[in-house]
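Enquirer: Provided below are the primary sequence and the corresponding predicted coordinates.
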Amino acid sequence: MPFPRKICAVCSQEFELKPGKPGFANRCPECSVEDEADSNSNVAKQSTDREQAAARRTAMKDLLYRKDS
Ligand SMILES: [Zn+2]
């Protein structure tokens with residue numbers, strides 16, 4: 001079954017636009033993979049920051065409770 005042919009907006013190479021292809025519809029799979037890796041690492045970084053902030057809050061609470069008792 002033929003897929004529609006598109007020209008990648010990044011590397012100008014022709015590629016098949018397959019259904020469910022991740023990334024932008026005007027980018028070939030190779031260029032989409034690069035973008036996805038970038039966004040994935042950003043998400044991981046953000047969640048790590050959030051986890052560290054939560055850990056700090058928990059540590060502060062522990063300190064306060066220890067002070068009271
Ligand atoms: Zn490309």
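Expert: It's in.

Enquirer: okay, now Pro22: neighbour count?
Expert: Using other C-beta atoms under 10 Å, Pro22 is surrounded by 10 other residues. Heads up, the C-betas are built off the backbone N, CA and C, glycines and all.

Enquirer: Kindly report the same for Gly23.
Expert: Using other C-beta under 10 Å, Gly23 has 16 neighbouring residues.

Enquirer: wouldn't it be in contact with Cys31 here?
Expert: Yes: using C-beta atoms under 8 Å, Gly23 is in contact with Cys31, at 7.4 Å.

Enquirer: Up against the ion, what does the chain have?
Expert: Taking C-beta under 5 Å from the ion as the contact definition, the chain meets the ion at Cys8, Val10, Cys11, Cys28, Cys31.

Enquirer: Now the first one. Its backbone dihedrals?
Expert: The phi/psi pair for Cys8 (degrees, to the nearest 10) reads phi -70, psi 130.

Enquirer: nearest spatial neighbour of it, skipping sequence neighbours?
Expert: Leaving aside its chain neighbours, Cys8 sits nearest to Cys28 (3.9 Å; criterion: C-beta to C-beta, 6 or more residues apart in numbering).

Enquirer: ok, that neighbour - contacts?
Expert: Lys6, Cys8, Val10, Cys11, Gln13, Phe15 (C-beta atoms under 8 Å, 6 or more residues apart in numbering).

Enquirer: Could you rerun that using 7 Å?
Expert: Taking C-beta atoms under 7 Å, 6 or more residues apart in numbering as the contact definition, Cys28 lies against Cys8, Cys11, Gln13, Phe15.

Enquirer: Could you save the residues you listed as JSON lines and add columns showing pLDDT?
Expert: Formatted as JSON lines, the contacts of Cys28 follow (pLDDT from 0 to 100):
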{"residue": "Cys8", "pLDDT": "95"}
{"residue": "Cys11", "pLDDT": "94"}
{"residue": "Gln13", "pLDDT": "95"}
{"residue": "Phe15", "pLDDT": "93"}
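
Enquirer: Could you turn the buried ones of these into a ChimeraX selection?
Expert: ChimeraX command restricting the contacts of Cys28 to the buried ones, with burial defined by 16 or more other C-beta atoms under 10 Å:
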select :8,15
